[in-house]
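1. Predicted model, plus sequence, below.
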Amino acid sequence: MKKREIVENTAGTLSALLFALALYPAFLKFGTAFFIDLRTRQIIARSETLLRDCITAGAASVLIAFGALLALKHSGHGVKTYICANLPLISAAVMWFMYPTFPALLFCVFMVIWSAARTASLCTPEKLPAIDHRKVLFIITAAVLLSSLAGTWHQLRSFDTLGMAWFDWGHFYESLLNTLDGKPFYLNLCRGSFLGVRFTPTLLLLLPAAAIGKPGVFLFAGSLLVSSGALFVYLISRSLKAGVRESLFMGLWYLFIPGVANMNLPLIDGFHEVFMLFPLVTGCVWCVLEKRYRTAAVLFLLSLGVRETAGVIFAGYGIVLFLLGKRKAGAVLFAISLVYVVTVINFVMPLFDAPVKGTYAHVRFFSHLGGNIGEIMLSPVTRPGTLLKALFNIRNLNFYLTIFVPFCLLAVCGYRWLLPLVPELVMISLDRRFDTQTVLRHYQISVVLVLIFASLAGARLLREKSHPKWVKWLFVKLKNPDVRLGALGMSGAGALLGFLFFVHLPGLPASEPQRRFTESEGVAVYADATSLAKRIKSLIPAGAKVSTGPRVGSLLVGKYDVFIDPACDEKSLQEYVIVENFSRFYSPEDKISRMLIKSPFWQMLHQEFVDERSIQLFRRVQNAVPKRNPCLRVPERVWASFGARVPVPSDSIELKAAANAPGRIVFGVKILKKRTNDAAFKVELETVSGRKIKHFTSFCNGRYPADLAEPGDIFFFKVEYPPAEQIKFCQTNIIEIAGMEVPR
């Protein structure tokens, strides 16, 4: 027996190594630290994603090794059969010798989860101890709460570091706050009702969360809505006669689906109204299965009120029911859903104060197909080339494969329930926005819900052994495999790999697979901005009207009447204005900043730099106040006697430096002739001991752009270093490209 255990452990370890080898192309492509590319003999190390990649690699290795050993322990087969189950990994390992592009990574991942399915099909779960239904409910509830808390922490961290913009969570939060103030669904940005942009009356259910007046409570409600779907997935699985252990697996599996986890740990949105679809739609399905039709009808109506297009998914299920023989129920569901969508978009929403009266605002995302809904519907005839090009491209293919990773065989076996995917995938594929075809945002929620229900239906068909016959081909060369366990193993491995590669973990920088889908940065990048918010709030009276950008505005919503309008003009500015520039430069496009600086009717109350972003607070004054030039004017003889001249590659600026105290060098900048753009200065010092010091400053310390300065204007800045050190090397570079990324 001891010899058998040694053989089994050895086989399990080798299998785990084979899994790691299959995943190697992903690590090779996306920069895991300390891996060697045998073709170039170079160590691959990328410092910006070092922590993320090490965690990904370590988690994958540990979990896969544990799963391999556990599967072998609970299988009644020999080592040869077990190794045979892992044959698909060979094709994945071959990818090691190919240049791994993103589709190649997906192919490698699918090979790994196929092998996981074959391995899982050899298990004998009867050997596992029994588990009680009440204990499982406790486990699922605890997992939902833990997931919600993790998502809330991530959002609050992003919120406090100006990483979470007012778009989109601020839409809904501000609408509810205005509703509490007697202005139903009023949105300052639209200068009218938000219902003209998004018809979402069900949002009123979250009024209690908004009434507390703490954004964190509202963000927690959003995370709880997303995570609560796990409980309903468990209950639906039980209603479909699945065992307690399998239903527990399905509930926890739900939380690892990238399309779910990334909405709970959002990079940008914070909260979106579609989050309410998770408990409402899954709860509606569970009530139908339990024959609680009145409750199901209420949840159905609430689901329709989440957004104007929510009826599309129910219309698809109406067609499915009709094809499955429940023609009356299917026809009624299809008719109600479709009539609702058409009525709301064409007749109800135009009654509200939409940005463009009488139009559906989201048509603009399909403008390449037509200017209105009718032209878009006719685009297969009028613009077939444009339509086909938008539908069939490598980005859409990557999206289809990525979102399908956690579902695999389960969804395929429930293929009859995949019909509602067609309109949803078409809408996502045709959207011209860059970040629509991604598992990192909220756009794919309807697709995820359809795939979940198809997977639950597929699991039932597998239990009843009425799955398609060709499915057994996936388990070729295995004796008496359990196809149901194989499908569960495939989905579990797919969710795990999808979570590791495509989910942004809290507090860590985004890895390369994620950056392929979004331009967002991780919340660990920026410094805490809560102290900035306190200083700004101390200068603005409560209830004042404030115009600002989407990131600073997110810290002010609730206490002030905030107007988020990044492209605002002078006429629309409120009493207080907060200008948010993402560098210390004033680019030519910063018309509002330049206008406020020059205008005698605006007073700068505060300026601060968060990381390298410039935040300025202005207040409107009734009487014109002469503006004082923040630059200096000194006699020519004083300037001539100051320091030594430093050569710079510009004839419009003169730069001088003088060491006027131990450990300090003072630089003086003089404008010689009118400039056409802003400027900044980067100083690099090196001491005798080898210490390197870098200093970056914008012109006039960011209070005044260089191109507004007049000839003769001077400003000084200082660079400090340890007083005991001596300077060995000093170099000053002038950066003249407005709006470029500030060097760190």
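-> That came through fine.
2. Go ahead and confirm residue 386 touches residue 369.
-> Yes: counting by CB atoms under 8 Å, residue 386 touches residue 369, with 6.4 Å between them. All C-beta spots, glycine's among them, are computed from the backbone N, C-alpha and C.
3. who has more neighbours, the two?
-> When neighbours are counted by other CB atoms under 10 Å, residue 386 and residue 369 differ, and residue 369 comes out ahead with 20 against 14.
4. hmm, back to that, between residue 386 and residue 369, what contacts are shared?
-> Overlap between the neighbourhoods of residue 386 and residue 369 consists of residue 379, taking contacts as CB atoms under 8 Å, 6 or more residues apart in numbering.
5. Contacts only, for residue 317.
-> Under the criterion of CB under 8 Å, 6+ apart, the contact partners of residue 317 comprise 330, 333, 417, 420.
6. Just those residues: which are in helices?
-> Among the contacts of residue 317, the members falling in helices (DSSP state H) are 330, 333.
7. Could you dump the contacts of residue 317 into TSV and include distance to residue 707 and neighbour count?
-> Written out in TSV, the entries for those read as follows (distance: CB to CB, whole Å; neighbours: other CB atoms under 10 Å):
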residue	distance to residue 707	neighbour count
330	67	19
333	63	22
417	62	23
420	56	24
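8. Of the contacts of residue 317, just say which sits nearest to residue 134.
-> Set against residue 134, the nearest of these by CB to CB is residue 417 (30.2 Å).
9. That closest one against residue 450, yeah?
-> Yes: applying CB under 8 Å as the test, residue 417 and residue 450 come out as touching, 7.2 Å apart.
10. I'd like to know how many residues surround residue 573.
-> Neighbour count for residue 573, taken as other CB under 10 Å: 20.
11. Over to residue 593?
-> Summarising burial for residue 593: neighbours were counted as other CB under 10 Å, giving 19.
12. now do residue 545
-> Using other CB under 10 Å as the criterion, residue 545 is surrounded by 14 other residues.
13. Okay, and the nearest residue to it once chain neighbours are set aside sits in which element?
-> In space, and not counting its chain neighbours, residue 545 is closest to residue 574: 3.8 Å by CB to CB, 6 or more residues apart in numbering. When secondary structure is defined by DSSP states H and E, residue 574 falls outside every helix and strand.
14. Find out how far stretch 245-254 is from the centre of the chain, if you would.
-> Its chain's C-alpha centre lies 25 Å from the corresponding centre of stretch 245-254 when counted by CA atoms, centre = their mean, to the nearest Å.
15. who touches it?
-> Outside of stretch 245-254, the residues that reach it under the criterion CB under 8 Å, 6+ apart are 125, 128, 131, 136, 139-140, 143, 229-231, 233-234, 237-238, 242, 260, 406, 452, 455-456, 459, 488, 491-492, 495.
16. Buried ones only from those residues, please, as a PyMOL command.
-> The PyMOL selection below is limited to those of the contacts of stretch 245-254 classed as buried (16 or more other CB atoms under 10 Å):
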select buried, resi 136+140+143+229+230+231+233+234+237+238+242+260+406+452+455+456+459+488+491+492+495
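17. which ones among the contacts of stretch 245-254 are found in helices?
-> With helices identified by DSSP H, the entries of the contacts of stretch 245-254 that belong to them are 136, 139-140, 143, 229-231, 233-234, 237-238, 260, 452, 455-456, 459, 488, 491-492, 495.
18. Could I get the full set of helices for the stretch 501-650 of the chain?
-> With DSSP state H, counting those that start in this stretch as the definition, the stretch 501-650 of the chain shows helices at residue ranges 512-515, 530-539, 550-554, 591-598, 636-640.
19. Pretty sure residue 288 sits against residue 294.
-> No: contact criterion CB under 8 Å: residue 288 and residue 294 do not qualify, at 11.1 Å.
20. pLDDT weak spots in the stretch 301-450 of the chain?
-> 353-361, 368, 371, 378, 434 (pLDDT under 70).
21. try 80 this time
-> Counting by pLDDT under 80, the ranges of the stretch 301-450 of the chain that qualify are 353-395, 432-438, 440-441.
22. Confirm for me that residue 481 is in contact with residue 487.
-> No: using CB under 8 Å, residue 481 and residue 487 do not qualify as a contacting pair, with a distance of 10.6 Å.
23. So those two - more neighbours on which side?
-> For the pair residue 481 and residue 487, the greater number of neighbours falls to residue 487 (27 against 23), based on other CB under 10 Å.
24. Tell me the confidence at the more buried one?
-> Predicted confidence (pLDDT) for residue 487: 91.
25. Which residues are in contact with it?
-> Contacts here follow CB under 8 Å, 6+ apart; on that basis residue 487 touches 117, 408, 409, 410, 413, 458, 459, 462, 471.
26. Can I have the buried ones of those residues as a ChimeraX selection?
-> Buried residues within the contacts of residue 487, by 16+ other CB under 10 Å, are selected in ChimeraX with:
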select :117,408,409,410,413,458,459,462,471
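27. can I get the contacts of residue 487 in JSON lines with secondary structure and distance to residue 193?
-> Rendered in JSON lines, the data for the contacts of residue 487 read as follows (DSSP: H, G, I helix; E, B strand; the rest coil; distance: CB to CB, whole Å):
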{"residue": "117", "secondary structure": "helix", "distance to residue 193": "50"}
{"residue": "408", "secondary structure": "helix", "distance to residue 193": "43"}
{"residue": "409", "secondary structure": "helix", "distance to residue 193": "46"}
{"residue": "410", "secondary structure": "helix", "distance to residue 193": "42"}
{"residue": "413", "secondary structure": "helix", "distance to residue 193": "45"}
{"residue": "458", "secondary structure": "helix", "distance to residue 193": "42"}
{"residue": "459", "secondary structure": "helix", "distance to residue 193": "43"}
{"residue": "462", "secondary structure": "helix", "distance to residue 193": "48"}
{"residue": "471", "secondary structure": "helix", "distance to residue 193": "51"}
